[in-house]
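J.: This is the structure alone, sequence omitted:
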DNA sequence: GTAGGGTTAG
């Protein structure tokens, strides 16, 4: 009570001072534990805003939201309610107060509250500037409230000042949640409003096309921007080149890369990294290193990603020693290996079965100040289980949990897979139920491991039951699962079941592996279902797969007998 | 400090 009085005593003094002096009176008294009131805060905020001291009003609001400045006479929300009441204030200040409150909630990462004050502002017929609106959109999208962002965008776009950024932000949001059509819709709205999309907007949407698997539309947009004289830049080319590569369209990617250089757009580190990554994935390490040299010649500085990509490429070719040497070179180059560098190299050593080296790198990583992630543990756990070192596995799981990291679905997959591979299907199911108890929902990989386990032990009844239940769970079986089921059916001699799944794979756009063809044909032959066997044989040859010798023997014998 | 690109793990 006494303190409230003090604050009231302070008010006349603040009124008489210039804005910054008044503010310092306010903050120093607040720090001394003064209980401020609606009046004193309202006064100081209005003063700061009407004097254009926005950063000061902003930091004051942030302190109020975070509770750094508090008072027993109000809560932040009662205060903001009071502040935004329509009263006799001059109109511009009222707009600015609303905006300041919305911005402060945005900066405090409080999407729901920011949205609340935004809606209140619109409801009062006030028009927020595009900055305020755009920042709100960004926060909503970043906080996974895309639907809210979409609704706000569409419901209020007539009452807000929109600019190119607003549309760009919204398009990016659409692409991120996979609503490509909506992204194009926004582009259309933008054009209708007479705003010309710039290169950033086009690049964002082209990237969205690539990431959502619709490279064709991305390509069309690229042409469209050319027709509209919007000049593609390094970003645009890199996005599309990478998109081509991701879709396996190697030729188009390289062609565009050449076109980029011809047009005089210089490839930068992103472009090179994308190119190098493609070479590595194709196992063309020589080309990758040629590009690496070319970068140096052209003065494009490589970065951690460049090195990581090359380290990964070498590891995939099992050239792990060279990968480690490259990591040393990276350090000499003044770049510190990051989490991905270590994870990649540790995985490399695990894959050649050198767990000692993997462990020592793991220690090196920790002593260099890089903290292991869940992925690091998963890699090591996979390495130890592959090496059938169960003590190593247990240690890793223990250390991981001691660090406060809980096993992820990937961890469970690895553990269950190891058990299945050592014929311990019951234990695998036990792990499966402990996973469910931990609140994790099994995904297609987990079911893949379980189905594999059931097929290995020959329990096709259970395997088929599980396989059929995938559909009810809205999970699409992947090619691994199909191949596993086919393997299981062949083993038990159910040729027609295997054949049906083989066809189903094709209908779903998957290519069965050689083993599936070989074993299905084999049992079809055994059942003397020659016509079906011949058809499959033709299919597999067309796909470029090599039938096994025994199949040739069986088939040619049948042909001979029939003649 | 409002929108755009590249690398790892089942």
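T.: Looks like it arrived, so ask away. None of the values given here were measured: they were computed from a predicted structure.
J.: helix or strand for the closest residue to DNA strand B within the stretch 351-500 of chain A, which one?
T.: Of all residues in the stretch 351-500 of chain A, residue A:375 sits closest to DNA strand B, at 2.6 Å by Cβ to the nearest atom of the strand. (Glycine included, C-beta is placed from N, CA and C.) Using DSSP states H and E, residue A:375 sits within helix A:374-386.
J.: after that helix comes which helix or strand?
T.: From helix A:374-386, the next helix or strand downstream (DSSP H and E) is helix A:390-402.
J.: Please give me every residue in contact with the closest residue to DNA strand B within the stretch 51-200 of chain A.
T.: Among all residues of the stretch 51-200 of chain A, residue A:168 sits closest to DNA strand B, at 2.2 Å; criterion: Cβ to the nearest atom of the strand. The contact partners of residue A:168, taken as Cβ atoms under 8 Å, 6 or more residues apart in numbering, are A:200, A:201, A:204.
J.: Show the pLDDT at it.
T.: pLDDT for residue A:168: 96.
J.: And residue A:278, by the same measure?
T.: What the model reports for residue A:278 is a pLDDT of 95.
J.: can I assume it is in contact with residue A:249?
T.: No. Using Cβ atoms under 8 Å, residue A:278 makes no contact with residue A:249, being 10.5 Å away.
J.: Look at the two and report which has more neighbours.
T.: Taking neighbours as other Cβ atoms under 10 Å, residue A:278 and residue A:249 compare with residue A:278 leading, 24 against 16.
J.: Look up the closest residue to the more buried one, ignoring the ones flanking it.
T.: residue A:245 (4.5 Å; Cβ to Cβ, 6 or more residues apart in numbering).
J.: Sticking with the one you found, tell me its helix or strand.
T.: helix A:234-246.
J.: just checking, what packs against whichever helix or strand comes after that helix?
T.: For helix A:234-246, the succeeding helix or strand toward the C-terminus, using DSSP H and E, is helix A:250-262. Packing contacts for helix A:250-262, counted by 3 or more Cβ pairs under 8 Å, 6 or more residues apart in numbering; DSSP states H and E, involve helix A:234-246, helix A:269-281.
J.: centre of the chain versus the last one, how much separation?
T.: Okay, so that is helix A:269-281. When distances are taken as Cα atoms, centre = their mean, to the nearest Å, helix A:269-281 is centred 19 Å away from the chain's centroid.
J.: One more: the first one?
T.: Centroid displacement of helix A:234-246 relative to its chain, using Cα atoms, centre = their mean, is 18 Å.
J.: Count the neighbours of residue A:192 for me.
T.: With neighbours defined by other Cβ under 10 Å, the count for residue A:192 comes to 8.
J.: per-residue confidence at it?
T.: In this model, residue A:192 carries a pLDDT of 93.
J.: With the one 10 residues further on instead?
T.: According to the model's per-residue confidence, residue A:202 sits at a pLDDT of 97.
J.: Kindly provide the distance from it to residue A:182.
T.: 16 Å (Cβ to Cβ, to the nearest Å).
J.: Who has more neighbours out of those two?
T.: Between residue A:202 and residue A:182, residue A:202 has the larger neighbour count (other Cβ under 10 Å), namely 25 against 19.
J.: secondary structure element for the residue nearest to the more buried one when sequence neighbours are not counted?
T.: In space, and not counting its chain neighbours, residue A:202 is closest to residue A:225: 4.6 Å by Cβ to Cβ, 6+ apart. Assigned by DSSP H and E, residue A:225 belongs to helix A:215-227.
J.: Which element is encountered next along the chain beyond the longest helix that chain A contains?
T.: Using DSSP state H to define each element, chain A has its longest helix at helix A:91-107. Heading C-terminal from helix A:91-107, the first helix or strand you meet, by DSSP H and E, is helix A:111-123.
J.: now the angle from that following helix to helix A:91-107?
T.: 160 degrees (axes from the mean of the first three to the mean of the last three Cα atoms, to 10 degrees).
J.: what's in contact with stretch A:364-372?
T.: Residues from elsewhere that reach stretch A:364-372 (Cβ under 8 Å, 6+ apart): A:336, A:337, A:338, A:339, A:342, A:346, A:362, A:376, A:403.
J.: Now do the same contact list for residue A:227.
T.: Residue A:227 neighbours (Cβ under 8 Å, 6+ apart): none.
J.: Can you give me the distance of it to residue A:241?
T.: Distance, residue A:227 to residue A:241, using Cβ to Cβ: 20 Å.
J.: same for the helix holding residue A:375, what does it pack against?
T.: By 3+ Cβ pairs under 8 Å, 6+ apart, helix A:374-386 packs against helix A:339-351, helix A:355-367, helix A:390-402, helix A:409-421.
J.: mean confidence score for it?
T.: 96.
J.: List the buried residues in that helix.
T.: Neighbour-count burial for helix A:374-386, counted by 16 or more other Cβ atoms under 10 Å, picks out A:375, A:376, A:377, A:378, A:379, A:380, A:381, A:382, A:383, A:384, A:385, A:386.
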